[in-house]
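Undergrad: after the sequence you'll find the predicted model.
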Amino acid sequence: MNSPTLETIELQSGATPQASLIVLHGLGADGSDFVPVAEAMDLSAVGGARFVFPHAPLRPVTMNGGFVMRAWYDIAAGPGSAGPRREDEAGLRASQQQVEALIAREIARGMPAQRIVLMGFSQGCAMTLLTGLRYGQRLAGLAGLSGYLPLAARTAAERAGANADVPIFMAHGRDDPMVGIERAIASRDALRALGYGVEWHDYAMPHSVCMEEITDLNRWLQRVLA
């Protein structure tokens, strides 16, 4: 199901970008989903950036009746924050390896790990936190939008010391019907309890992105990449 190398879309600002942002889309979308968000941001103050938008693997998604779509992992439960959840650990771990390969590729292209930001929306947020906290080299930052911390009980044991102080940006819609804000708040609190510095924002929006959020994210990126 998982190919060793993910297909990607790339967008570059500046002739010699000084940072890389790997942006992970949500369930059923693809790499093109966040291209407009990248185009709305201005990172010229930090020397420009290369945006890498991978396409998640195609897989059947239980929540959607087994329909095959782009997904970083399977989801068995329905939307919302209530009720027990059975996480697709095998799918999460497989996609983690693929995201780590994308980071390694950026390093091989000459971008230091500390100039690489992982960012994701919904499932992409989950993959950002899962991968970034466990990555063995210090990253510039982790930006999680409208998502949550997966395999939360394993984080303390599996996290990498190199990213013990990595800056984290988390943002969520107060009216999100897909990933309830309570789940995001619980993830934020779990991360803070482990000592991570989490910059938190919430907005009057559903499971989406708004301009105020993009402005806040742009400001955070300029700071962590300064």
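TA: Looks like it came in fine.

Undergrad: most centrally placed residue in this protein?
TA: Nearest residue to the geometric centre of the chain (C-alpha atoms, centre = their mean): residue 120, 2.6 Å.

Undergrad: pLDDT on stretch 21-30, on average?
TA: Computed over stretch 21-30, the mean pLDDT rounds to 98.

Undergrad: how many neighbours does the closest residue to the residue nearest to the centre of the chain other than its chain neighbours have?
TA: What sits nearest to residue 120 in space, not counting adjacent residues and going by C-beta to C-beta, 6 or more residues apart in numbering, is residue 24, at 3.5 Å. (C-beta placed from N, C-alpha, C; glycine too.) Residue 24: 32 surrounding residues under other C-beta atoms under 10 Å.

Undergrad: for residue 24, which residues are in contact?
TA: Residues counted as contacts of residue 24 (C-beta atoms under 8 Å, 6 or more residues apart in numbering) are 54, 56, 72, 99, 118-121, 123-125, 127-128.

Undergrad: can you pull the phi/psi pair for it?
TA: The phi/psi pair for residue 24 (degrees, to the nearest 10) reads phi -100, psi 120.

Undergrad: so the residue nearest to the centre of the chain, which of the three states?
TA: Using DSSP: H, G, I helix; E, B strand; the rest coil, the structure places residue 120 in strand.

Undergrad: still on that earlier bit, just the closest of the contacts of residue 24 to residue 221, please.
TA: Nearest to residue 221 out of the contacts of residue 24 is residue 119 (C-beta to C-beta; 8.6 Å).

Undergrad: low-confidence stretches in this protein?
TA: 1-4, 77-85 (pLDDT under 70).

Undergrad: quick one: the strands in it, in order.
TA: 8-12, 20-24, 50-54, 58-61, 67-70, 116-121, 141-145, 168-173, 198-203 (DSSP state E).

Undergrad: can I get these in JSON lines with distance to residue 103?
TA: Below are the strands of the chain laid out as JSON lines (distance: least, C-beta to C-beta, whole Å):
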{"stretch": "strand 8-12", "distance to residue 103": "12"}
{"stretch": "strand 20-24", "distance to residue 103": "7"}
{"stretch": "strand 50-54", "distance to residue 103": "10"}
{"stretch": "strand 58-61", "distance to residue 103": "22"}
{"stretch": "strand 67-70", "distance to residue 103": "20"}
{"stretch": "strand 116-121", "distance to residue 103": "6"}
{"stretch": "strand 141-145", "distance to residue 103": "12"}
{"stretch": "strand 168-173", "distance to residue 103": "16"}
{"stretch": "strand 198-203", "distance to residue 103": "21"}
